[in-house]
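Undergrad: Sequence below, structure please.
(one chain, ligands or ions: 1)
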Amino acid sequence: MKIAHLSDLHISPRSRPENSDYTRRLLNYALEEGVDHIVVTGDLTDLATPDDFLEARKIFDEFGLLNPFRLTVVIGNHDIFGGVHLAKDLIKYPGRCATINYERKLNEFKSYFLETFENIYAPPPPKVFPFVKPIGDILFVGVNSIAKYSKFANLFGAKGRVYKSELSDVENLLKIAAHDVRKRILLIHHHFNKQVDTQFSSRQPTLKRLELYANRLKYKNKLYRIMRRFNIDLVLHGHEHVSHHYSQRGFYFMNAGGCVDKIKPQELMVNFVQFWGDQLYTEIRTIHEDKLKNQRKIFADTLVLNG
Ligand SMILES: [Fe+2]
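TA: Numbers count the residues shown, from 1 in each chain. Model (predicted):
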């Protein structure tokens, strides 16, 4: 099975109108490449407004992807708290985050992508996450890593945390479903790594890198223990807007956060995952399109790992 991994599409007709076109181009390319399943690891929308969600839903529907066997999504912080559209909004943003009903936003997110939440095992409603979804011989484990708003600890709503009750649910779901599949892939929005060391991140301003450091996933020891116990083969995430693959504490990670937030103009990025027997193959493809010259160049960064 071939999987395309996208993240941080930040679809919003109001704040990021160009991202609708980028998303269509990425989906078109991935489907041309023959992927069986598409995974999006959060921040599907930019401002989390009904217009943003309806636009995202419409785009996936255009490609026939509103189907649990074709698409799996997990939530990102922008899908709950939105973001800052104009600089003048920055000062009001924490106040706005404070008024957001976290649980209601989780359920709204699910309602906009309801078809993709079929064919899953999950705790009873109103809980939305975690869930596990078997697709062929792969089990996707969808986790919510969005920390609740706090005036002191999470002023901008961007920090990562998986709450204790959710960790117990992850463990219980894996006890039921982890043994009937050959490979297990964890889907989560936040990055695990302390400091990103890629050719792209070194171009980011120091302040931005400090912010990313502060907003990584925290308190993750128990999650690591669960990942080890149930042999998680790969973690797919986003949040940090670069695309790269790396290993940490004996696990493989792939970040697709650079999909549309490209470093160079005219470039989009899509990640691919494939298993060949026990070998795991991950690839980050950069699509460079020059519309004026009607040219498309593809650059691939491939990694093959022994299972
Ligand atoms: Fe994010």
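
Undergrad: CA atoms for contacts and neighbours, from now on please.
TA: Noted.

Undergrad: ranges for the strands of the stretch 1-150 of the chain?
TA: 2-6, 37-41, 71-74, 131-135, 138-142 (DSSP state E, counting those that start in this stretch).

Undergrad: Run me through the strand neighbours of the last one, direction for each.
TA: In other words, strand 138-142. strand 131-135 (antiparallel), strand 183-187 (parallel) (DSSP bridges).

Undergrad: now the last one: mean pLDDT?
TA: The average pLDDT within strand 183-187 is 96.

Undergrad: Give me the angle between that strand and strand 37-41.
TA: 40 degrees (axes from the mean of the first three to the mean of the last three Cα atoms, to 10 degrees).

Undergrad: picking up where we left off before, kindly reformat the strands of the stretch 1-150 of the chain as a markdown table containing distance to Arg16 and mean neighbour count.
TA: Below are the strands of the stretch 1-150 of the chain laid out as a markdown table (distance: least, Cα to Cα, whole Å; neighbours: other Cα atoms under 10 Å):
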| stretch | distance to Arg16 | mean neighbour count |
| --- | --- | --- |
| strand 2-6 | 17 | 25 |
| strand 37-41 | 18 | 24 |
| strand 71-74 | 20 | 25 |
| strand 131-135 | 30 | 22 |
| strand 138-142 | 26 | 23 |
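
Undergrad: is it possible to export these to JSON lines including distance to Leu174 and mean pLDDT?
TA: Below are these laid out as JSON lines (distance: least, Cα to Cα, whole Å; pLDDT from 0 to 100):
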{"stretch": "strand 2-6", "distance to Leu174": "21", "mean pLDDT": "97"}
{"stretch": "strand 37-41", "distance to Leu174": "19", "mean pLDDT": "98"}
{"stretch": "strand 71-74", "distance to Leu174": "17", "mean pLDDT": "98"}
{"stretch": "strand 131-135", "distance to Leu174": "8", "mean pLDDT": "97"}
{"stretch": "strand 138-142", "distance to Leu174": "8", "mean pLDDT": "97"}
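
Undergrad: So for Glu240, which of those sits nearest?
TA: Nearest to Glu240, of all these, is strand 37-41, at 11.3 Å by Cα to Cα.

Undergrad: What segments of the stretch 1-150 of the chain are helices?
TA: 18-32, 50-62, 78-81, 93-98, 102-112 (DSSP state H, counting those that start in this stretch).

Undergrad: buried stuff in the second one?
TA: In this case it means helix 50-62. Asp52, Phe53, Leu54, Glu55, Ala56, Arg57, Ile59, Phe60 (16 or more other Cα atoms under 10 Å).

Undergrad: Can I get it as PDB, trimmed to CA atoms?
TA: This file holds the C-alpha atoms of helix 50-62, laid out as PDB (Å, rounded to 0.1, in the frame of the first residue of the first chain):
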ATOM      1  CA  PRO A  50     -17.000  27.200   9.100                       C
ATOM      2  CA  ASP A  51     -15.900  28.700   5.800                       C
ATOM      3  CA  ASP A  52     -12.400  27.200   6.200                       C
ATOM      4  CA  PHE A  53     -13.700  23.700   7.100                       C
ATOM      5  CA  LEU A  54     -16.300  23.800   4.200                       C
ATOM      6  CA  GLU A  55     -13.600  24.700   1.800                       C
ATOM      7  CA  ALA A  56     -11.300  21.900   3.000                       C
ATOM      8  CA  ARG A  57     -14.200  19.400   2.800                       C
ATOM      9  CA  LYS A  58     -15.100  20.600  -0.700                       C
ATOM     10  CA  ILE A  59     -11.500  20.100  -1.900                       C
ATOM     11  CA  PHE A  60     -11.300  16.500  -0.600                       C
ATOM     12  CA  ASP A  61     -14.700  15.800  -2.000                       C
ATOM     13  CA  GLU A  62     -13.700  17.000  -5.500                       C
END
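
Undergrad: Now do it against helix 102-112, angle only.
TA: Using the same axes, to 10 degrees, helix 50-62 lies at 30 degrees relative to helix 102-112.

Undergrad: what's the angle from helix 50-62 to helix 18-32?
TA: Relative orientation of helix 50-62 and helix 18-32, computed by the same axes, to 10 degrees: 20 degrees.

Undergrad: so where's the protein uncertain?
TA: 194-211, 263, 292-293, 306-307 (pLDDT under 70).

Undergrad: redo that, cut-off 50
TA: 199 (pLDDT under 50).

Undergrad: In contact with the spatially most central residue of it: list those residues for me.
TA: By Cα atoms, centre = their mean, the mean C-alpha position of the chain lies nearest to Thr41, the distance being 1.4 Å. Residues in contact with Thr41, defined by Cα atoms under 8 Å, 6 or more residues apart in numbering, are 5-8, 73-76, 187-189, 236-238.
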